[in-house]
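Colleague: Need coordinates for the below:
(chains A, B and C)
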Amino acid sequence: MTDKTLNTRSKSKALLSLHSWSGIVLGMLLFAVIFTGSVAVVSDEIGEWSNSNAHQQLMLSSNMDATIKHLAKRTPAEYLDEITVYESHRQQLVYFFHTHRQNPSGAMDDYGIQYLVTPDGEIAQQKEGFGSDIYAEDDANALSRFLVAIHTELHIPAPWGLILTGILGLAMLIAAVSGFMMHRHLFTDIFTIRKQRDGQALKRDSHTVAGTWSIPFAILLAFTGSFFSFATAFGLPAMAVVAFGGDQEAMMHTLVGEAENQSKAPQESVNLDMMIADSVERQSSVPSFITLSHWGTESASLLVFFMPDKGNVGYEQLVYNASNGDFVEYKPLVGTVPSAGSAILSLIYPIHFGTFAGLFSKIIWISLGVAACYVTVTGLQLYAYRNEKHESSWRWFSRFNVWGFFGLPLCSLSSAVGFFISGAAGANQSYWTPMAFIIAAALISLLSVSIRNVLTLKQLLLSANGVFCLALPIFRFSHSDVGPIYAIQHNMHALMFVDLSLIAMATWCFYCVFKGEKFRQTQSTQQPAMPVSTREIAK
Amino acid sequence: MNHLIMTLPFILFAGMILLILMNTDPRRQQAARKFAPKSSTRLTLSSAIRKGLALSLLLPFIPLALMNNYAGILMYAGALTVIGWLIAELPSKAS
Amino acid sequence: MTTATLLFLKNQRFWLSGPSTLLVSLEIMLAMAVWFPAGIGNVNNIMMPLIMFPLIWSVLFFYTYLTPVMQRAWWLLLTLVAINSAILAYQFLG
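Modeller: Model (predicted):
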């Protein structure tokens, strides 16, 4: 044997151990992040669905100019620094008059008064505080916000949650790249999933085939995800120290692309609705939100934010001079003029979020997430399968897998149940949505250690998933009276999409339970012959 | 919506090419034969043709780029990944 | 936890590819903010190091993990630390 072949052999051995360890140690957390990431792709749709709502495009139909003038009179002058407006999931426009302050945790935050305004201009609610706190208490977003926060920081306090998800991103990068490097027949095996003697697919093949297909996107998603986590957790503050002598506000001004020390001399701003109408005409779509800076002063400006459209993948930000109503520019994502950093960032967003072409791209991105979940699941199952041949009847690792893979979706569904029930009971939805998740997690953990047979546990959790998937559309309907016919008549796409997906998932769960029962029957009839044959194939 | 509809034919094209590649995949046929050795009537294509077909999967990137349909490029790449995986998961005809 | 599970702490490769590589990549990212051209947008020196951090880390990680000569990898990391520390020292003290 030459040195070179020895070298390659030890290298592939090293890669295999790297691949397995990165997967085994962080695999379950990675599954949690990937699963909730796939859900987070449709967080906006889930927000609409959980409130049985469809966007009314209130920004186009309301007299926002009059509302802002009216609200500005009753708001302390310091909060007129910046005003953001968007449509909530409960058919209200949210006006947030704010300035910028450091919050108790030391980060720069918005501080001011948030008004919820009904379509006819009435103030439904008003709240003063830090933007992050007001957002965290917003019941309309309770469900989607909770699910997204599992994805971004696993509900671990900042910055540790972000650092952990950043590390998970790097682990996914390691797993994907090492998997790619060690698989010598990458392209010849791309369609081949061999069968075991009992007709089940060979786990190793399922893992490698799904892994091979999803490698490019796994690398892209892991890379962009760890960028988001690390940049928010410590990258940006660290950059402020090096490049701006620690002045975070100065760095934010540079990144947002706003000149400091602008003129604050009072001057009447032009009609807001006219500028918005102009931007809508230019983009032929509806803005997601708008930001007014220094309203009613000489330096007043308006930024109108649009989701990507017409084949573009980047967000569009139109800037208007609000003192004369002129369109100024299409503003880059960061800075004032186009730059490489801004261009790459505007690619990173769509690649990671998949929200660049409505439901169409979101469905593809969810499927990519499902494929990545499948790779994680089969990888961990493979490890359990290979290492638990002569184990105790408890099969701890398989049990752990069942607990995570079927428990997490069930907990997420439970949080939705908690959202609806607390909503119907008039309780605090922002409190009960996570609470329902925790209660479900505790129950599932209890079941996982008390049911002796792993297969029974799996079947039970799978059927519970199916039942909850079916129950959720019913809960939603009884909570809101928005049924399928009403939804079709009113073009409520997001709502129909989530309802139908839940029904499809329920069907899939029940099919798997049925298949599992069939497998269990064949297994019990062939009991004596099985262990030898499966062990042989596993080798 | 227009750019989405323009992307669909390319995705369908990719699906068809992938189906052909899957059905003529020698490794897959070899694996299937172990379970059903009798079924011998199989579609075979020379490896050069298969390579050409595989490369043709890259062709849609050209028109999509010419149409400035960058969303289409990303969606096509994503759909290619997902369809490829799902097709590989389909059971072999012999089994 | 058994002693066997903690054995990796005695493995030199773990310290090389794990904490050392992570710290060195972080330092490279910070120093990059100093020398990377800011461009006309004046943002590239902030955005590019942040974007490139996962890339720098993965290149260094796979090199230090796979190289048969660990000595060389240690020297590489040390050189990178020296260069980038000099850049940062120049920025803060110079």
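
Colleague: Report the next helix or strand after the helix or strand residue A:377 falls within in sequence order.
Modeller: Using DSSP states H and E, residue A:377 falls within helix A:358-387. Using DSSP H and E, the helix or strand that directly follows helix A:358-387 along the chain is helix A:396-424.

Colleague: Report whether that following helix contacts chain C.
Modeller: No - residues of helix A:396-424 are not located near chain C by C-beta under 8 Å from any C-beta of the partner chain, the shortest gap being 14.7 Å. To be clear about C-beta, it is placed using only N, CA and C from the backbone, and glycine gets the same treatment.

Colleague: chain center to that helix, what's the gap?
Modeller: 17 Å (C-alpha atoms, centre = their mean, to the nearest Å).

Colleague: Would you mark the buried spots in it?
Modeller: Buried residues in helix A:396-424, counted by 16 or more other C-beta atoms under 10 Å in any protein chain shown: A:397-420, A:422-423.

Colleague: That one vs helix A:358-387, what angle?
Modeller: 150 degrees (axes from the mean of the first three to the mean of the last three C-alpha atoms, to 10 degrees).

Colleague: Quick one: list the elements packing against helix A:396-424.
Modeller: Applying 3 or more C-beta pairs under 8 Å, 6 or more residues apart in numbering or on different chains; DSSP states H and E, we find helix A:396-424 packed against helix A:3-40, helix A:43-50, helix A:142-153, helix A:358-387, helix A:429-450, helix A:454-480.

Colleague: Residue A:304 falls within a strand, correct?
Modeller: Yes - under DSSP: H, G, I helix; E, B strand; the rest coil, residue A:304 sits within a strand.

Colleague: doesn't residue A:327 make contact with it?
Modeller: No - in this structure, residue A:304 is not within contact of residue A:327 by C-beta atoms under 8 Å, at 9.8 Å.

Colleague: what residues are shared contacts of the two?
Modeller: Shared contacts of residue A:304 and residue A:327 (C-beta atoms under 8 Å, 6 or more residues apart in numbering or on different chains): A:275, A:279, A:318, A:319, A:320.

Colleague: Might you report the residue contacts of the first one?
Modeller: Under the criterion of C-beta under 8 Å, 6+ apart, the contact list for residue A:275 reads A:302, A:304, A:320, A:322, A:325, A:327.

Colleague: where are the low-confidence patches of the chain?
Modeller: No chain was given, so I picked chain A. Along chain A, segments meeting pLDDT under 70 span A:1-6, A:197-199, A:259-261, A:389-394, A:526-539.

Colleague: look at chain C instead
Modeller: Using pLDDT under 70, chain C drops low at C:1-5.

Colleague: Now do the helices in it.
Modeller: C:12-15, C:21-35, C:44-66, C:70-93 (DSSP state H).

Colleague: In terms of secondary structure, what does the second one contact?
Modeller: In this case it means helix C:21-35. helix A:236-244, helix C:44-66, helix C:70-93.

Colleague: Please name whichever of the helices of chain C is nearest to residue A:212.
Modeller: Nearest of those to residue A:212, taken as C-beta to C-beta: helix C:44-66 at 19.0 Å.

Colleague: That closest one versus helix C:70-93: what angle between them?
Modeller: Using the same axes, to 10 degrees, helix C:44-66 lies at 160 degrees relative to helix C:70-93.

Colleague: Helix C:44-66 - contacts with which helices or strands?
Modeller: In terms of contacts (3+ C-beta pairs under 8 Å, 6+ apart), helix C:44-66 is packed against helix A:3-40, helix A:160-182, helix A:203-230, helix A:236-244, helix A:248-256, helix A:340-353, helix C:21-35, helix C:70-93.
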